[in-house]
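Peer 1: Sequence and predicted structure below; questions after.
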Amino acid sequence: MAEKITKEETIKEEETSKGIGKAGTTVKEGIVESLKGINEIEAEIVSLVRSTVSNTLQATGSVANGGVNVSKDILKGAIAAAEEVGTGLTVSTKSVAKGIIMGVSDVGGDVLTVAGQTIRSAVKGAAEVGGDVGVVARRTVDGVLEATKEIGGNVEEV
């Protein structure tokens with residue numbers, strides 16, 4: 001036998017679906033704001049790393065070989081920060097790599113050499129702390145390629 005649905009049950013069902021709609025909207029808005037926040041954080045990381053790299057290389061006057069050493073040092077700092085916070089290695093790796101490449105480019109350094117070293121150092125660092133090496137490698141490469149495009153470099157060479 002088919003049950004008869006009363007008007008009250010229909011109203012309750014509509015109220016429930018509206019409540020879910022409100023809850024869904026709340027979650028959507030929260031996620032959108034969080035993702036905007038992540039983008040802002042990534043932009044800040046790029047800016048911080050870029051200026052640190054270019055300022056350090058200018059201060060030492062060692063643009064030729066300094067880029068490799070500075071990139072290793074910066075990646076160690078980024079990995080230590082991720083360990084301290086307990087998260088963020090895979091998220092920050094792209095921004096750190098992008099900042100390194102842009103900073104080296106700012107002072108006329110060897111972007112190609114530093115790009116390779118940056119990727120190697122990121123993978124090694126991720127392995128040392130038990131991070132997801134595959135994701136870190138991919139994010140690092142993404143950062144290197146993105147920076148190379150932005151500085152007008154040849155992505156195929158990198």
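Peer 2: Arrived safely. Numbering: from 1, shown residues only.
Peer 1: low pLDDT regions in this structure?
Peer 2: Filtered on pLDDT under 70, the chain yields the residue ranges 1-20, 63-66.
Peer 1: residue ranges of the helices in it, please?
Peer 2: Counting by DSSP state H, one finds helices in the chain at the ranges 7-60, 63-85, 89-106, 111-128, 133-150.
Peer 1: Ranking these by mean neighbour count, which comes first?
Peer 2: helix 89-106 (a mean of 26; mean count of other C-beta atoms under 10 Å). C-beta coordinates here come from the backbone N, C-alpha and C atoms, glycine included.
Peer 1: For that one, name the packing helices and strands.
Peer 2: Contact here means 3 or more C-beta pairs under 8 Å, 6 or more residues apart in numbering; DSSP states H and E; on that basis helix 89-106 packs against helix 7-60, helix 63-85, helix 111-128, helix 133-150.
Peer 1: Between the two ends of stretch 100-112, what distance do you get?
Peer 2: Terminal residues of stretch 100-112 lie 12 Å apart, using C-alpha to C-alpha, to the nearest Å.
Peer 1: For it, what is the distance to the chain centroid?
Peer 2: From the chain centre to the centre of stretch 100-112 is a distance of 19 Å (C-alpha atoms, centre = their mean, to the nearest Å).
Peer 1: Give me the contact list for that stretch.
Peer 2: 46, 49-54, 57-58, 63-64, 66-67, 70-71, 74-75, 114-115, 118, 143-144, 147-148, 150-151, 153, 157-158 (C-beta atoms under 8 Å, 6 or more residues apart in numbering).
Peer 1: So residue 125 sits against residue 75, correct?
Peer 2: Yes. The criterion here is C-beta atoms under 8 Å, and residue 125 meets it with residue 75 at 5.6 Å.
Peer 1: The helices and strands packed on helix 89-106: which one's closest to residue 94?
Peer 2: For the helices and strands packed on helix 89-106, proximity to residue 94 was assessed by C-beta to C-beta; helix 133-150 is nearest, at 3.9 Å.
Peer 1: now for the closest one, which elements pack on it?
Peer 2: By 3+ C-beta pairs under 8 Å, 6+ apart, helix 133-150 packs against helix 89-106, helix 111-128.
Peer 1: can you state the direction angle for that helix and helix 63-85?
Peer 2: Going by axes from the mean of the first three to the mean of the last three C-alpha atoms, to 10 degrees, helix 133-150 is angled at 130 degrees with respect to helix 63-85.
Peer 1: Give me the angle between helix 133-150 and helix 111-128.
Peer 2: Using the same axes, to 10 degrees: helix 133-150 against helix 111-128 is 160 degrees.
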